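In: pasting the structure only:
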């Protein structure tokens, strides 16, 4: 059975238990799967990470802490941790899911890790699970980005301009083409006072605005 790479490994008492086996069992196998454990593990993970961040960053406000927590508990991050633990080779998948490469799918890996967290919580309680997660996330907690870097580009750009006592940027749809799911948008982000503008292209207006704002931030950084 798998152990977690790093300073903390799960003992055989946990990894050889029926509950741990259930945590590795995808719903494609049948009714006895890891969905309930995933639900529990998600809640426990959120609580532990919130507490770690609360203690690590006493000067951060609720918004900063929320962004950092979302960064650490997102499916992408969980899948990365699952891959580091070589979890994919231990998953129990239905035949169709296995043939389609489900053991490599990020969502399945992330859900399985959450289920393992739920199983550890049931078997050993909150304090033990908190220590397990603190060890599991040790590297990620050391390498956290700054909180403002996790804000979306439009928010970052607006806050910067307001700090300079300037008006918020203007966003204008300059072109759109295609139909239905194939629709595309070209959006201009402009700062008239600085005579600057950038263009973002994406599948939705909101995404195009974010791309244009990100390009504007890059432009301001260069200046």
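Out: Cool, got the structure. Because the structure is predicted, anything quoted here is derived from the model rather than measured.

In: Nearest the geometric middle of the chain, what residue?
Out: With distances taken as C-alpha atoms, centre = their mean, residue 74 lies nearest the centre of the chain, 2.3 Å away.

In: Over to it: give its phi and psi.
Out: Taking degrees, to the nearest 10, you get phi -70, psi 160 for the backbone angles of residue 74.

In: Contact partners for it?
Out: Not one residue lies near residue 74 by C-beta atoms under 8 Å, 6 or more residues apart in numbering. The way it works is simple: take the backbone N, C-alpha and C, and place the C-beta from them, glycine included.

In: any chance you could map the helices in the protein?
Out: Assigned by DSSP state H, the helices in the chain fall at 12-15, 18-23, 35-56, 62-73, 75-84, 95-99, 106-124, 126-136, 138-142, 153-163, 205-222.

In: Determine which stretch of those is the most buried.
Out: Of all the helices of the chain, helix 106-124 has the most neighbours on average by mean count of other C-beta atoms under 10 Å, namely a mean of 23.

In: Looking at the helices of the chain, which is nearest to residue 186?
Out: With C-beta to C-beta as the criterion, residue 186 lies closest to helix 205-222 of the helices of the chain, at 6.6 Å.

In: Can you name every helix or strand that that closest one contacts?
Out: helix 153-163, strand 170-177, strand 184-191, strand 196-202 (3 or more C-beta pairs under 8 Å, 6 or more residues apart in numbering; DSSP states H and E).

In: Turn those into TSV, including mean pLDDT and distance to residue 143.
Out: Putting those into TSV (pLDDT from 0 to 100; distance: least, C-beta to C-beta, whole Å) gives the following:
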stretch	mean pLDDT	distance to residue 143
helix 153-163	90	20
strand 170-177	96	33
strand 184-191	96	30
strand 196-202	95	29
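
In: Tabulate the helices of the chain (JSON lines), appending distance to residue 188.
Out: Below are the helices of the chain laid out as JSON lines (distance: least, C-beta to C-beta, whole Å):
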{"stretch": "helix 12-15", "distance to residue 188": "55"}
{"stretch": "helix 18-23", "distance to residue 188": "49"}
{"stretch": "helix 35-56", "distance to residue 188": "37"}
{"stretch": "helix 62-73", "distance to residue 188": "28"}
{"stretch": "helix 75-84", "distance to residue 188": "30"}
{"stretch": "helix 95-99", "distance to residue 188": "44"}
{"stretch": "helix 106-124", "distance to residue 188": "34"}
{"stretch": "helix 126-136", "distance to residue 188": "44"}
{"stretch": "helix 138-142", "distance to residue 188": "37"}
{"stretch": "helix 153-163", "distance to residue 188": "14"}
{"stretch": "helix 205-222", "distance to residue 188": "7"}
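
In: can you tell me which of those the model trusts least?
Out: The minimum mean pLDDT among the helices of the chain belongs to helix 95-99 (a mean of 83).

In: Can I get the helices and strands packed on helix 205-222 in JSON lines including distance to residue 61?
Out: Shown next, in JSON lines, are the helices and strands packed on helix 205-222 (distance: least, C-beta to C-beta, whole Å):
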{"stretch": "helix 153-163", "distance to residue 61": "13"}
{"stretch": "strand 170-177", "distance to residue 61": "27"}
{"stretch": "strand 184-191", "distance to residue 61": "27"}
{"stretch": "strand 196-202", "distance to residue 61": "29"}
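
In: With residue 9 as the reference, name the closest of the ones you listed.
Out: Closest approach to residue 9 among those (C-beta to C-beta): helix 153-163, 39.7 Å.
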